[in-house]
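Enquirer: Sequence and predicted structure are below.
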Amino acid sequence: MLFREDFLAGLRKGELRTAFRRWTQPRVKPGTRMRTPVGVVEVVSVEPIMDIEITGTDVANAGYRSKSELMKDLGSITHGQLFRIRLKYGGEDPRIQLREDADLTDEDFEAIRKKLKGYERGGAWTRKVLNLIASNEAVRASKLADKMGMEKYAFKHRVRQLKELGLTESLEVGYRISPRGRGYLDRLKEA
């Protein structure tokens, strides 16, 4: 699910807690946790409703001044079911703290190494991408992908895999190696 920045800010503050979507089937379920620019958002409930069931409280909890403003924002999509999704702020993105942890134990190092080997079933690439980002901080993904001889979206997918392990972080433009990623590369040189 995508959310507007102002909605996410309100959710983080605890002022907003409801979203509406029109789908042919639910795309999230209770317990789903999504990473967003403000941290983790958790789905509390997903319920099908009719337009007429939207209350004034729902409108306010979704960050709108009126029901007509909400309906206008839902757009011209009239097919599918309307869903009321209750949300809560689930805390900071855990990858932020993870990527700052550069003091890798032997177990940390081996766990990362094992995970990366699993990513490389189609051929070795993780070390190359980490080194490329380390030497090309804040360079657009398309340029880095070209240097790897890859399509941009395939390259970005690989970087997201590294980000999940706390090894890289996204910048406004491009990426950089996190302290954890630097620690991992340093340990690779020693190994």
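Expert: That came through fine.

Enquirer: C-alpha only now, for contacts and for neighbours.
Expert: Noted.

Enquirer: Low-confidence bits of the protein, can you list those?
Expert: By pLDDT under 70, the weakly predicted segments of the chain are 76-78.

Enquirer: mind listing the strands for it?
Expert: Here the chain has its strands, by DSSP state E, at 18-23, 33-36, 39-49, 81-91, 168-170, 175-177.

Enquirer: Could you chop the chain up by domain?
Expert: Following automatic domain parsing, the chain resolves into domains at 5-92, 95-190.

Enquirer: Make JSON lines from the ones you listed and add mean neighbour count to it.
Expert: Output for the domains of the chain, formatted as JSON lines (neighbours: other Cα atoms under 10 Å):
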{"stretch": "domain 5-92", "mean neighbour count": "16"}
{"stretch": "domain 95-190", "mean neighbour count": "16"}
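
Enquirer: Quick check: Arg12 vs Glu42, distance?
Expert: 11 Å (Cα to Cα, to the nearest Å).

Enquirer: So for those two, which residues contact both of them?
Expert: 88-89 (Cα atoms under 8 Å, 6 or more residues apart in numbering).

Enquirer: got the contact list for the residue nearest the centre of the chain?
Expert: What sits nearest the mean C-alpha location of the chain, by Cα atoms, centre = their mean, is Arg35, with 3.9 Å. Residues in contact with Arg35, defined by Cα under 8 Å, 6+ apart, are 41, 93.

Enquirer: does it have beta-bridge partners, and which?
Expert: Val40 (DSSP bridges).

Enquirer: Same check on Tyr175?
Expert: Ser170.

Enquirer: Contact partners for it?
Expert: For Tyr175, the contacting residues are 133, 137-141, 168-169, by Cα under 8 Å, 6+ apart.

Enquirer: Likewise for Leu185?
Expert: 127, 130-131.

Enquirer: do the same with Gly39
Expert: 89-93.

Enquirer: run the last query once more with 6 Å
Expert: Neighbouring residues of Gly39 by Cα atoms under 6 Å, 6 or more residues apart in numbering: 91-93.

Enquirer: how close does it get to Gln161?
Expert: 18 Å.

Enquirer: ok, now Arg99?
Expert: 13 Å.

Enquirer: next one: Asn136
Expert: Relative to Gln161, and taking Cα to Cα, Asn136 is found at 18 Å.

Enquirer: do the same with Glu47
Expert: Distance from Glu47 to Gln161, by Cα to Cα: 32 Å.

Enquirer: What sits closest to Arg95 if chain neighbours are left out?
Expert: Spatial nearest neighbour of Arg95, excluding adjacent residues (Cα to Cα, 6 or more residues apart in numbering): Gly166 at 5.5 Å.

Enquirer: do the same with Asn131
Expert: In space, Asn131 is closest to Leu185, 8.0 Å off (Cα to Cα, 6+ apart).
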